[in-house]
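[1] need coordinates for the following:
(4 chains)
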Protein chains: 2
Amino acid sequence: MTKTTPQKKTRSRDPERTKAQLTEAALSEFADHGFHGARVDRITRAVGCNPRLLYHYFGSKEKLYVAVIEHIFADIRAQERDLELARLEPLAAMRRLVEFTYDFFDGNPLFVKMARNENMLEGKFIVQTEAVRTSSQPLIDAISGIIARGLADGVFKHRYDALQIYISIVALSAYHLNNGHTLTAIFGVDLLSPEWRQERRAHTIAMVMNAVTGGDSSCKS
Amino acid sequence: MTKTTPQKKTRSRDPERTKAQLTEAALSEFADHGFHGARVDRITRAVGCNPRLLYHYFGSKEKLYVAVIEHIFADIRAQERDLELARLEPLAAMRRLVEFTYDFFDGNPLFVKMARNENMLEGKFIVQTEAVRTSSQPLIDAISGIIARGLADGVFKHRYDALQIYISIVALSAYHLNNGHTLTAIFGVDLLSPEWRQERRAHTIAMVMNAVTGGDSSCKS
DNA sequence: AAGTTAATTCATAAAATACTTACTTAGACT
DNA sequence: AGTCTAAGTAAGTATTTTATGAATTAACTT
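    Okay, here's the model as predicted:
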């Protein structure tokens, strides 16, 4: 009796693959439903493995969540590293920072959602994560440098705190992603559509650049 | 045996009070833990009433949640109404809008949290709420008016879309409230402290005004 | 004061859900 | 080939959590 349909009764043994699949499925599940809304059952069904395996590899729902958090927060730092803002002139550097930041959030919805979850849990798990606090200072220092050079050159007209302006860039880039559904309901415009987001990108860049440079030649009216 | 301590064995009968207490306790519970994290048991214990009452008055956890959503979204519109932006000159009107918006979010953490929950649920319940879509247009129209007048007067140097700039104001005002815990963990600065929020307020106002007016006399460097 | 309504309580069902005990078997290693 | 380890399976349990049926009691009406 040749099994033409290999009914996946038994999984081929590959712990690395299984762990990776569980992590990925858990990421989707936690991102979509939050920690409390997530169901371990749905995760294992998505992977197609036995529920017991989740506990075999991760121990508990909570530990799986921590693994997912560490996994997704590990990525962001890597991407931030090679921005090389110091090499560019202030205007170009600032513009690049805004574009990069916008595109990062726009392109990483799972990160955005996991951050939301963590904040819902009051950062309970992220504070335990080692790799997070590392290397945020270089970015802030780079921004301080841009601002200082811009002011020295005279192209920047206002002195902003580096952290404040970075938070602003992030806020302008990501707020509509966090709150798209309520805003869409309130204003009757789909803030999550590709079209609106494209306009949002341009607006974010324009607003930050205008705020930094003050009135310059780009005056449009 | 005289009961000197009326052990609140029996609740005095006051359905309005009971309903109001349940709604309020539910607001706290849902805001803090989200829909799935919220426990009906905790809500009734907070009120000190019998669990059965929650179902008697609201029918289900879900219906209670809807009641809470409608309750908290009803408030915001009322506050927005008497801004009277049209009467002020463009600069003053814009500043007032930013200040009002910032202070509203800063002063209504429960609203911020409930909005987060709703977005987590993809706006599932808010779309059913009648009162939400109403009267957001007047605000956008008012902002359009401010921008048009500002450009005509020459005090505004850039033409922004009214909805885009309003979303920006909201984003700058509220992003750190939504994501305070992760940002605090990442940057090692407590973004939720009163001190930082006070600086944030000034930064938000400065940034929006600078973005709108371009470089003007308020150049500080 | 009796009678009606509905607010409140008591006890418990019913469902969902995270987690376990006990077992099987594939694959690696000698 | 035989054995040992751990990946995977089957089936189940314990607990939490939402929800209900029916009795009880306070307040209001006439």
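
[2] closest to the centroid, which residue in chain A?
    Nearest to the geometric centre of chain A sits A:Phe111, at 3.6 Å (Cα atoms, centre = their mean).

[3] and it, how close does it get to DNA strand C?
    23 Å (Cβ to the nearest atom of the strand, to the nearest Å). (Glycine included, C-beta is placed from N, CA and C.)

[4] what about the closest residue to A:Ala115 other than its chain neighbours, which helix or strand?
    Closest residue to A:Ala115 apart from its sequence neighbours, by Cβ to Cβ, 6 or more residues apart in numbering or on different chains: B:Thr182 at 5.0 Å. B:Thr182 is located in helix B:180-187, with elements delineated by DSSP states H and E.

[5] low pLDDT regions in chain A?
    A:1-9, A:134-135, A:215-221 (pLDDT under 70).

[6] got the residues of it near DNA strand C?
    A:10, A:12-13, A:38-41, A:51-52, A:55, A:60-62 (Cβ under 7 Å from any atom of the strand).

[7] show me what the helix holding B:Thr182 packs onto, helices and strands only.
    For helix B:180-187, the elements it packs on are helix A:109-120, helix A:130-133, judged by 3 or more Cβ pairs under 8 Å, 6 or more residues apart in numbering or on different chains; DSSP states H and E.

[8] which among those helices is found nearest to B:Asp141?
    Each of the helices and strands packed on helix B:180-187 has some distance to B:Asp141 by Cβ to Cβ; the shortest is helix A:109-120, at 30.8 Å.

[9] the closest one vs helix B:180-187, what angle?
    Between the axis of helix A:109-120 and that of helix B:180-187 there is an angle of 110 degrees, by axes from the mean of the first three to the mean of the last three Cα atoms, to 10 degrees.

[10] show me what helix A:109-120 is packed up against.
    Using 3+ Cβ pairs under 8 Å, 6+ apart, helix A:109-120 is in contact with helix A:15-37, helix A:61-81, helix A:162-178, helix B:15-37, helix B:109-120, helix B:180-187.

[11] with distance to DNA strand D added, can I get the ones you listed in CSV?
    Compiled in CSV, the helices and strands packed on helix A:109-120 are given as follows (distance: least, Cβ to the nearest atom of the strand, whole Å):
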stretch, distance to DNA strand D
helix A:15-37, 4
helix A:61-81, 12
helix A:162-178, 25
helix B:15-37, 8
helix B:109-120, 14
helix B:180-187, 22
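
[12] return the most buried member of the ones you listed.
    Most buried of the helices and strands packed on helix A:109-120 by mean neighbour count (mean count of other Cβ atoms under 10 Å in any protein chain shown) is helix A:162-178; its value is a mean of 23.

[13] please state the offset of that helix from the chain centre?
    12 Å (Cα atoms, centre = their mean, to the nearest Å).

[14] again with stretch A:63-78
    11 Å.

[15] quick one: is it near chain B?
    No. Figure legend: stretch A:63-78 not in contact with chain B (Cβ under 8 Å from any Cβ of the partner chain); closest approach 8.6 Å.

[16] residues touching that stretch, excluding its own?
    Stretch A:63-78 is contacted by residues A:22-23, A:26-27, A:30, A:35, A:38, A:40, A:43, A:54, A:58, A:104, A:108, A:110-111, A:114, A:118, A:125-126, A:128-129, A:131-132, A:134-135 when judged by Cβ atoms under 8 Å, 6 or more residues apart in numbering or on different chains.

[17] now swap in stretch A:157-170 and tell me
    Contacts of stretch A:157-170 (Cβ under 8 Å, 6+ apart): A:97-98, A:101-102, A:105, A:139-141, A:143-144, A:147, A:151, A:204, A:208, A:211-215, B:172, B:175-176, B:183, B:187, B:189, B:191, B:199-200, B:203-204, B:206-207, B:210, B:215, B:219-221.

[18] could you dump the helices and strands packed on helix A:109-120 to a markdown table with distance to B:Glu195?
    As requested, these are exported to a markdown table (distance: least, Cβ to Cβ, whole Å):
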| stretch | distance to B:Glu195 |
| --- | --- |
| helix A:15-37 | 30 |
| helix A:61-81 | 27 |
| helix A:162-178 | 13 |
| helix B:15-37 | 24 |
| helix B:109-120 | 17 |
| helix B:180-187 | 13 |
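
[19] related to what we said a few turns ago, starting at the chain centroid, how far to the helix holding B:Thr182?
    21 Å.

[20] quick one: closest of the helices and strands packed on helix A:109-120 to B:Leu83.
    helix B:109-120 (17.0 Å).

[21] who are the contact partners of the residue in chain A that DNA strand C sits nearest to?
    Chain A approaches DNA strand C most closely through A:Lys61 (3.4 Å), counting by Cβ to the nearest atom of the strand. A:Lys61 is in contact with A:35, A:38, A:40, A:54, counting by Cβ under 8 Å, 6+ apart.

[22] and chain B, which of these reach it?
    Okay, of the contacts of A:Lys61 touching chain B (Cβ under 8 Å from any Cβ), that's A:Phe35.

[23] name the element A:Leu191 belongs to?
    Going by DSSP H and E, A:Leu191 is not in any helix or strand.

[24] quick check: it touching A:Gly180?
    Yes. Using Cβ atoms under 8 Å, A:Leu191 is in contact with A:Gly180, at 4.7 Å.

[25] so who does A:Phe35 touch?
    A:Phe35 neighbours (Cβ under 8 Å, 6+ apart): A:61, A:65, A:117, A:120-121, B:37.

[26] per-domain residue ranges of chain A.
    Per the record, chain A has its domains at A:14-59, A:73-213, by automatic domain parsing.

[27] nearest residue to A:Met207 other than its sequence neighbours?
    Here the residue nearest A:Met207, using Cβ to Cβ, 6+ apart, is B:Ala211, at 4.7 Å.
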